[in-house]
Structures are given as structure tokens and as C-alpha cells.
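K.L.:
Sharing a model that was predicted from the sequence below.
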Amino acid sequence: MAAGLASKWSRVGRSLLGGLGNNLSNLLNTSLEMACNNSLSQQRTFIQMRTVLKVVDNSGAKKVMCIQALKGKKGARLGDTIVASVKEAHPNGKVKKGKVVYGVVVRAAMQRGRCDGSEVKFDDNAVVLVDKQGQPIGTRVFGPVPHELRKKKHVKILTLAGHIA
């Protein structure tokens with residue numbers, strides 16, 4: 001796609017310049033290819049080992065680092081459960097720094113397709129901490145939460161959320 005776009009613009013550049021030389025068209029080609037390559041390099045991936053996630057509940061943790069995704073070989077997506085280690089925490093919270101916890105991914109920067117053809121993608125990676133039975137540790141969930149969690153049997157998180165996307 002990038003090569004086709006670059007060749008199209010080089011033809012337009014040559015026609016506009018009247019064939020003044022290939023130097024300007026080569027410069028145009030390289031600048032367009034660099035712009036396309038930069039946009040491709042910021043591709044989003046799965047939540048995998050050592051990914052730092054924001055905690056969006058009031059359990060006391062601020063940031064966690066993923067130790068393991070419990071489902072799938074590549075990593076976790078929206079609604080998947082992960083095992084994580086607490087990296088930052090509030091001093092008087094339920095969860096302390098260094099504790100190993102379970103969490104459900106409620107926001108992921110990687111896009112996910114929906115049944116109606118639309119795609120959902122968030123700006124950050126966020127998690128809600130849960131116990132081994134899947135019940136949330138906190139009593140509030142901050143920010144938007146996708147309705148795909150209903151299919152993954154995390155209805156309790158949806159009831160605590162303020163905004164369902």
C-alpha cells in the first residue's frame with residue numbers, strides 16, 4: 001500500500017514539475033515511505049509478560065506489571081484474566097506493593113472487532129483487580145469499560161463501572 005501511494009504521488013509530482021528531474025521525485029518518494037513506516041511502527045500488540053497496566057479501581061494499587069496471561073499463548077486481550085505484580089500502590093489501600101494479584105483487562109490499546117463491524121480501541125491498557133473467584137477487590141471502577149466483558153462473564157465489573165462503552 002505504501003509503495004502504491006508513493007508511486008502515485010511521484011507521478012503527480014513529475015506531472016506538476018514538468019519533468020524537472022528525478023531528484024525532487026526521489027525526495028518525495030523517500031519522505032512518503034518514511035511517513036508510512038513511522039505509522040506502521042506504532043502498531044499495538046497483546047498484553048504480554050512485563051506489560052505495565054494502569055489499575056482503574058479503588059483497591060489501592062496504581063500500576064501493575066503482567067506476569068502471565070492465563071489464556072492464550074500470545075497474550076491477553078479485552079476481558080482476559082492475567083496474573084500481575086503490584087508495582088505502585090496507595091499507602092493505605094487493600095493491596096500493597098509487591099503482592100501478586102489477578103486482574104481482568106478492561107481497556108486495551110490493541111483494537112478488537114465487534115459483531116457489527118466496528119472496532120473498539122482505547123488509549124491505555126487498564127485492569128481491574130479480582131480475587132481467585134473473579135470477584136472485584138475494589139468497590140468502584142473508573143473510566144469506560146467495554147460491554148464485551150458481559151460475554152466473558154464479568155458482569156460484576158460492568159455493574160461497578162460508571163460508563164459502558
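P.N.:
Thanks, I have it.
K.L.:
hang on, Leu53 is in a strand, isn't it?
P.N.:
Yes. The assignment for Leu53 (DSSP: H, G, I helix; E, B strand; the rest coil) places it in a strand.
K.L.:
what's the neighbour count on it?
P.N.:
Using other CB atoms under 10 Å, Leu53 has 24 neighbouring residues. For every residue, glycine as well, the C-beta is placed using N, CA and C.
K.L.:
who touches the residue nearest to the spatial centre of the chain in this structure?
P.N.:
Taking CA atoms, centre = their mean as the criterion, Ala109 is the residue nearest the geometric centre of the chain, at 1.5 Å. When contacts are counted by CB atoms under 8 Å, 6 or more residues apart in numbering, Ala109 touches 44, 121-125.
K.L.:
List just the nearest of the residues you listed to Leu53.
P.N.:
The shortest approach to Leu53 among the contacts of Ala109 belongs to Asn125, at 4.6 Å (CB to CB).
K.L.:
confidence score at the closest one?
P.N.:
Asn125 is assigned 92 on the pLDDT scale.
K.L.:
sorry, back to before: counting neighbours, which of the contacts of Ala109 end up buried?
P.N.:
122, 125 (16 or more other CB atoms under 10 Å).
K.L.:
Just the ones in strands from the contacts of Ala109, please.
P.N.:
Of those, none are assigned to strands by DSSP state E.
K.L.:
For the contacts of Ala109, give me TSV that also has distance to Thr139.
P.N.:
Putting the contacts of Ala109 into TSV (distance: CB to CB, whole Å) gives the following:
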residue	distance to Thr139
Arg44	30
Lys121	28
Phe122	23
Asp123	25
Asp124	22
Asn125	22
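K.L.:
of the contacts of Ala109, closest to Val145?
P.N.:
Closest approach to Val145 among these (CB to CB): Phe122, at 9.9 Å.
K.L.:
how about the nearest residue to that closest one, chain neighbours excluded?
P.N.:
Spatial nearest neighbour of Phe122, chain neighbours left out: Arg107 (4.0 Å); criterion: CB to CB, 6 or more residues apart in numbering.
K.L.:
Perfect, that will be all.
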